[in-house]
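Student: sharing a sequence plus its predicted fold:
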Amino acid sequence: QVQLVESGGGLVQPGGSLRLSCAASGSIRSINAMGWYRQAPGKQRELVARISGVGSTSYEDSVKGRFTISRNYAQNTAFLQMTSLKPEDTAVYYCHAGLLLYDGYRYEDYWGQGTQVTVSS
């Protein structure tokens, strides 16, 4: 069974930091890009940060300079280091990955179950 499992969410005060982790497991032959999305109540899911298979990164404008995405290629994991958190960062954060399975023939989209991040005093 292939799955993405996130961890690291929680409640933090404004200005604080959190580090999210996403671990991909199962019969995975290769991982293309990995990314973090978020969805706040009443809003559409949006891309926060993305890292390609060769390490190129991109960020949503509001998190540039505050969030850093990284990967451990050997362990099929991705991380999102979040600093200087603001109340508007409050959302459910979802991990996404493009996975090529051993019994597959193309990369397919997989999602984690989501982890809640709440920024509040």
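Tutor: Perfect, thanks for sending it.

Student: which helix or strand contains the spatially most central residue of the chain?
Tutor: In the chain, the residue lying closest to the centroid (CA atoms, centre = their mean) is W36, at 2.7 Å. W36 belongs to strand 28-39 when elements are defined using DSSP states H and E.

Student: report the buried residues of that strand.
Tutor: For strand 28-39, a neighbour-count test (16 or more other CB atoms under 10 Å) marks 28, 31, 33-38 as buried. From N, CA and C alone the C-beta is placed, and that goes for glycine too.

Student: one more: stretch 47-60?
Tutor: So for stretch 47-60, counting by 16+ other CB under 10 Å, buried means 48-51, 59.

Student: pick the one among those residues closest to Y94.
Tutor: V48 (9.3 Å; CB to CB).

Student: look up how far F67 lies from that closest one.
Tutor: Distance from V48 to F67, counting by CB to CB, to the nearest Å: 7 Å.

Student: shared neighbours of those two, anything?
Tutor: Counting by CB atoms under 8 Å, 6 or more residues apart in numbering, the shared contacts of V48 and F67 are 59, 80.

Student: in space, what's closest to the residue located most distally from the centre of the chain - neighbours in sequence excluded?
Tutor: When each C-alpha in the chain is compared with the mean C-alpha position (CA atoms, centre = their mean), D103 comes out farthest, at 25.1 Å. The shortest distance from D103 to any non-neighbouring residue, by CB to CB, 6 or more residues apart in numbering, is to S27 (6.8 Å).

Student: from T77, how far off is that neighbour?
Tutor: Going from S27 to T77 by CB to CB gives 17 Å.

Student: of those two, who's got more company?
Tutor: More neighbours surround T77 than the other of S27 and T77, with 19 against 11 (other CB atoms under 10 Å).

Student: list phi and psi for the more buried one.
Tutor: phi -120, psi 160 (degrees, to the nearest 10).
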